[in-house]
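In: the sequence and its predicted three-dimensional model are supplied below.
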Amino acid sequence: MNARSARLSSIAELLWEAADESGDRPAIDTTGQVVTYADLRRRASSVAASLVAHGVQRGDRVAILAERGPEAVAAYFGALAAGAVAVVINERLRPRQIEYVLEKSSARVMLSTPALRAEHPRPLETQAVLIDLAAVPDVTADWTPLPIEDRALAQIIFTSGSSGLPKGVVFSHRAILTAIETIVGYLGLGSDERIFSLLPFSSVYGLNQLLCSVWTKSTLVVSHSATSESMNCDSTVKPRRVCQTRPR
């Protein structure tokens, strides 16, 4: 464990540090939109403030159902900054599977978008409070991540559900930070990387790509696997100067 990893107790601190040191650098590059680290932290601060205003406390489960991109990333870091446990839900799951994840994770709140929920054949049946990310007001000052023990639970990652109902695995802040530190060191990743993200943030691989990019203050280039554009790597990767698809 190096000096940087030793002083971090929360995954949220990765984004806050990146914004302090490299606020103008592009953090997320999606088709037609580039968001800097400073912009991403401001949005994450807004999400954290909104969650606390809704009564979310340390250790509460906050589910995130949003299309991969800046808003989903802000929701993830915002939930962690509020001291909550993040439950990122695969956006392609069916309503019954989403309801199962919400129930089994004991999610108190679900951050989502009306556009994504409108794609479902029926409304979700859940006790979780639904918060529309588009309706979360922007705050004028950056939120300070709530202090939390590094071995506290950070996230519950559920399997894809392709062969049955999803199964959840718990991870602490320390476990995830240690894993990201190891991956970054092993692959020799630096701030000049442009990492191509094709898999959902709900998967371990997709999450690792996101967190490796924030750790190194590099750029995550997001493409969506369901689109015809992403199936043509020449049309997606080359124009956006992607140099890495790692970690592998």
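Out: Ah, there it is.
In: which helix in this protein runs the most residues?
Out: Across the chain, the longest stretch assigned as helix under DSSP state H is helix 37-53.
In: could I get the CA-only coordinates of the helix or strand following that helix as PDB?
Out: Tracing the chain C-terminally past helix 37-53 and defining elements by DSSP states H and E, one meets strand 61-65 next. C-alpha atoms of strand 61-65 as PDB (Å, rounded to 0.1, in the frame of the first residue of the first chain):
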ATOM      1  CA  ARG A  61     -28.200   1.300   0.300                       C
ATOM      2  CA  VAL A  62     -28.600   3.600  -2.700                       C
ATOM      3  CA  ALA A  63     -29.400   2.000  -6.000                       C
ATOM      4  CA  ILE A  64     -28.400   3.600  -9.300                       C
ATOM      5  CA  LEU A  65     -30.200   2.800 -12.500                       C
END
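In: in its sheet, what does strand 61-65 sit against?
Out: strand 85-88 (parallel), strand 107-112 (parallel) (DSSP bridges).
In: for that strand, give the mean pLDDT please.
Out: Averaging pLDDT along strand 61-65 gives 98.
In: tilt between it and helix 37-53?
Out: 130 degrees (axes from the mean of the first three to the mean of the last three Cα atoms, to 10 degrees).
In: can you name the residues in contact with the helix or strand just after strand 61-65?
Out: Using DSSP H and E, the helix or strand that follows strand 61-65 in sequence is helix 70-81. Residues outside helix 70-81 that contact it (Cβ atoms under 8 Å, 6 or more residues apart in numbering) are 10-12, 15-16, 27-28, 30, 33, 35, 39-41, 43-48, 50-51, 62, 64, 66, 85-86, 88, 111, 113, 133, 143-146, 154, 173, 201, 210, 220. In short, each C-beta sits where N, CA and C put it, glycine included.
In: so for stretch 175-183, what's the average pLDDT?
Out: Per-residue scores along stretch 175-183 average to 94.
In: hmm, back to that, buried among the contacts of helix 70-81? Need that as a selection in ChimeraX.
Out: If you want just the buried ones from the contacts of helix 70-81 in ChimeraX, going by 16 or more other Cβ atoms under 10 Å, the selection is:
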select :10,11,12,15,16,27,28,30,35,39,40,41,43,44,45,46,47,48,50,51,62,64,66,85,86,88,111,113,133,143,145,146,154,173,201,210,220
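In: distance-wise, check Arg92 relative to Ile98.
Out: As judged by Cβ to Cβ, to the nearest Å, Arg92 and Ile98 stand 10 Å apart.
In: settle it for me: which of those two has more neighbours?
Out: Ile98 (24 against 14; other Cβ atoms under 10 Å).
In: give me the element the more buried one is part of.
Out: helix 95-105.
In: just the CA coordinates for the one helix or strand Val221 maps to, please, in PDB.
Out: For Val221, the host element (DSSP H and E) is strand 219-222. What follows is strand 219-222, C-alpha atoms only, in PDB (Å, rounded to 0.1, in the frame of the first residue of the first chain):
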ATOM      1  CA  THR A 219     -10.300  10.100 -19.600                       C
ATOM      2  CA  LEU A 220     -13.000   7.400 -19.800                       C
ATOM      3  CA  VAL A 221     -14.400   7.200 -23.300                       C
ATOM      4  CA  VAL A 222     -17.900   5.800 -23.000                       C
END
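In: ok, and what's touching that strand?
Out: Here strand 219-222 has contacts from 25-30, 68-69, 73, 193-197, 209-210, 213-214, 237, 240, 242, using Cβ under 8 Å, 6+ apart.
In: let's see 6 Å
Out: 26, 28-30, 68-69, 194-197, 210, 213, 240, 242 (Cβ atoms under 6 Å, 6 or more residues apart in numbering).
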